[in-house]
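**Student:** Got a predicted structure here, sequence first:
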Amino acid sequence: MSTLTSLQIRDEFPITQACTYLDSAYWGPYPRRSAEAISDYVRKRSTTAFPFGRADQDRVFAGEVRSKIAGLLGVAPEEIWFPRGTTDALGTVAAALLAPGDEILVGGLDHPADYAVWANLAERGIRVKVVPQRGGRMNPEDLERAITAKTRAIGICLVNTYNGYRQSLDALSRIAGEHELYLLLDAIQGIGHLRIDLHKSNVTMMSAGSYKWLCSPEGLGVAYINRDVIGNVVPHNVHFYGIEPESGGWASFIPRILEYGTSGLGPQEIPSGTLNYPASAIRLEISPSIVSLVGLNQMADLLNEFGGMGSVEARVISLSMYLRSVAQEHGHSILSTSDPEHMSGITSVLVPSAPGFAEFAKRRNIHIRERPATPIATDAVRVSPHIFNDKSDIDMLVEALNDYRSSHI
Ligand SMILES: Cc1ncc(COP(=O)(O)O)c(C=O)c1O
């Protein structure tokens, strides 16, 4: 249950006083408390010396945020790491789990950012097969039919970026389980507004950049990897805080480098096997952006005060249902599914001359995204309310849709 009233949550987001913002699938505005915490952090860092121990202090702080994020997602802190963003984590894990000759099936209606990750795998000799979408959604049966003896993984967007279609994790999980496949999820359009049961769904890994539904600065993401798989992921890039020397902590690297680098010995070879990767997702973490974590930390508190991801999802879905019913009452067509199992906080509304409408709405200080429901369909806008929105925002949007239509008849 939320401890915040509707007015309080609006007050938490200064953007609600500046405009009608219905575009969190594109970019999420920072809560007031994040903006203040980030400003304080930057002020402190620009005016005071950092006492010795900066790295340890940062690691403790990252650990605190990790625990909060793990709590929100219902997983263990050891399963969470902070990458640079969605695709950073997807590419890192896919490249570590798959070998040349292995095959991965990927979604046919996914984001260009995913395409880049998968195409990069193809350059490493991994076979990437794009399974076609049908009518703006991925059918689990199509994915299952495409599996061959070489298939090792499915890589897919949990929530479609164009029309908000939410894949059934139960179906994906069943297929991945029965065929012993890794399930890799781009979850940037879900994490921060949907409740996702990663353990029950047997997801191998998921990642989400922090700058959309998590309303936090760029340069940071939240990533999960199932604890049973962590041991198989040998990162191709490491950071010395993320690996465990046999003893002595990171400082033990100093005598090691001196041992090999002593003058007069000539070039010394570092043998393999001198690094111990911890049995946690931290092995994948490379210097997360601390200033972005300062923001994410505040957003995590806010999501908790809102009652956790179940309450957040309920609020966002109820606003999305309200949008659908009011828009339809006024004769507008909704292109996103209304099947509750596949709904998310993204709704695609058919609007003739959508680019003109986006401009028209902006002049009324209403922000939505001109974005078709599939890359080939035209004339629709994407509407994505978050917890700080309320029905009055939706009413204003629908009024704008009506007025735009009247002015175009
Ligand atoms: C579905 C989806 N995946 C991936 C990305 C890119 O994510 P990142 O910048 O965190 O790698 C985006 C950005 O818009 C997106 O919408």
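**Tutor:** Received the coordinates, thanks.
**Student:** Kindly list the longest strand within this protein.
**Tutor:** The longest strand of the chain (DSSP state E) is strand 151-157.
**Student:** who touches that strand?
**Tutor:** Counting contacts by CB atoms under 8 Å, 6 or more residues apart in numbering, the residues outside strand 151-157 that touch it are 90, 94, 97-98, 102-107, 109-111, 114, 117-118, 138, 143, 167, 172, 175-176, 179, 181-187, 189, 204. For every residue, glycine as well, the C-beta is placed using N, CA and C.
**Student:** burial of whichever residue of the stretch 51-200 of the chain sits closest to the ligand, as a residue count?
**Tutor:** Using CB to the nearest ligand atom, residue 85 is the residue of the stretch 51-200 of the chain that sits closest to the ligand, at 2.8 Å. Residue 85 has 20 neighbours, counted by other CB atoms under 10 Å.
**Student:** pretty sure it is touching residue 217, no?
**Tutor:** No. Look at residue 85 against residue 217 with CB atoms under 8 Å: they stay out of range, at 11.2 Å.
**Student:** Quick one: the strands in the protein, in order.
**Tutor:** Using DSSP E, strands in the chain cover 20-21, 80-81, 103-107, 127-131, 151-157, 182-186, 205-209, 221-225, 347-350, 366-367, 369-370, 380-383.
**Student:** Including distance to the ligand, mean pLDDT and mean neighbour count, could these go into a markdown table?
**Tutor:** Below are these laid out as a markdown table (distance: least, CB to the nearest ligand atom, whole Å; pLDDT from 0 to 100; neighbours: other CB atoms under 10 Å):
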| stretch | distance to the ligand | mean pLDDT | mean neighbour count |
| --- | --- | --- | --- |
| strand 20-21 | 17 | 98 | 22 |
| strand 80-81 | 14 | 98 | 26 |
| strand 103-107 | 10 | 98 | 24 |
| strand 127-131 | 15 | 98 | 18 |
| strand 151-157 | 5 | 98 | 24 |
| strand 182-186 | 5 | 98 | 25 |
| strand 205-209 | 3 | 98 | 28 |
| strand 221-225 | 5 | 98 | 29 |
| strand 347-350 | 14 | 96 | 25 |
| strand 366-367 | 16 | 98 | 22 |
| strand 369-370 | 11 | 94 | 18 |
| strand 380-383 | 11 | 96 | 28 |
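**Student:** re earlier: how much space between the residue of the stretch 51-200 of the chain closest to the ligand and residue 186?
**Tutor:** Distance of residue 85 to residue 186, computed by CB to CB, to the nearest Å: 10 Å.
**Student:** Same question for residue 373.
**Tutor:** 18 Å.
**Student:** do residue 371 as well
**Tutor:** 17 Å.
**Student:** Note down every partner strand of the longest strand of the chain and its orientation.
**Tutor:** Strand 151-157 has its sheet partners listed here by DSSP bridges as strand 103-107 (parallel), strand 182-186 (parallel).
**Student:** Now the last one - C-alpha only, PDB.
**Tutor:** Listed next in PDB are the C-alpha coordinates belonging to strand 182-186 (Å, rounded to 0.1, in the frame of the first residue of the first chain):
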ATOM      1  CA  TYR A 182      19.100 -18.900 -21.900                       C
ATOM      2  CA  LEU A 183      16.400 -16.200 -21.700                       C
ATOM      3  CA  LEU A 184      17.800 -12.700 -22.100                       C
ATOM      4  CA  LEU A 185      15.400  -9.800 -21.700                       C
ATOM      5  CA  ASP A 186      15.700  -6.200 -22.700                       C
END
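**Student:** Which residue, other than its chain neighbours, is closest to residue 163?
**Tutor:** residue 373 (4.1 Å; CB to CB, 6 or more residues apart in numbering).
**Student:** what's the spacing between the longest strand of the chain and its chain's center?
**Tutor:** 17 Å (CA atoms, centre = their mean, to the nearest Å).
**Student:** Near the ligand, which residues of the stretch 201-350 of the chain? Just list them.
**Tutor:** 209, 221 (CB under 6 Å from any ligand atom).
**Student:** Compute the distance between the residue nearest to residue 289 when sequence neighbours are not counted and residue 111, please.
**Tutor:** Nearest residue to residue 289 in three dimensions, chain neighbours excluded: residue 219, at 4.2 Å (CB to CB, 6+ apart). Note on residue 219: its distance to residue 111, by CB to CB, is 18 Å.
**Student:** what about these two, which has more around it?
**Tutor:** residue 111 (19 against 16).
**Student:** The closest residue to the more buried one other than its chain neighbours: how many residues sit nearby?
**Tutor:** Distances taken as CB to CB, 6+ apart place residue 161 nearest to residue 111, at 5.0 Å, with adjacent residues excluded. By the measure other CB under 10 Å, the count of residues near residue 161 is 23.
**Student:** isn't residue 161 right up against residue 25?
**Tutor:** Yes. Counting by CB under 8 Å, residue 25 is a contact partner of residue 161 at 7.0 Å.
**Student:** what do the two both touch?
**Tutor:** Joint contacts of residue 161 and residue 25 (CB under 8 Å, 6+ apart) are 189, 346.
**Student:** check contacts around residue 380.
**Tutor:** By CB under 8 Å, 6+ apart, the neighbours of residue 380 are 335, 348, 349, 350, 351, 354, 371, 372, 373.
**Student:** If we only consider these, which is nearest to residue 312?
**Tutor:** residue 348 (21.3 Å; CB to CB).
**Student:** can you pull the contacts of the closest one?
**Tutor:** Contacts of residue 348 (CB under 8 Å, 6+ apart): 162-164, 334-336, 371-373, 380-383.
**Student:** which parts of the lowest-mean-pLDDT helix or strand in the chain are buried?
**Tutor:** Counting by mean pLDDT, DSSP states H and E, the chain has its least confident helix or strand at helix 253-261, which shows a mean of 78. Buried residues in helix 253-261, counting neighbours by 16 or more other CB atoms under 10 Å, are absent.
**Student:** Could you list the residues of the stretch 51-200 of the chain in contact with the ligand?
**Tutor:** So the stretch 51-200 of the chain meets the ligand at 85, 86, 87, 111, 113, 114, 157, 161, 186, 188, 189 (CB under 6 Å from any ligand atom).
**Student:** surely the last one meets residue 25?
**Tutor:** Yes. Counting by CB under 8 Å, residue 189 touches residue 25, with 5.9 Å between them.
**Student:** Need the residues touching each of those two.
**Tutor:** Overlap of the contact sets of residue 189 and residue 25 (by CB under 8 Å, 6+ apart) consists of 161, 164, 212, 213, 346.
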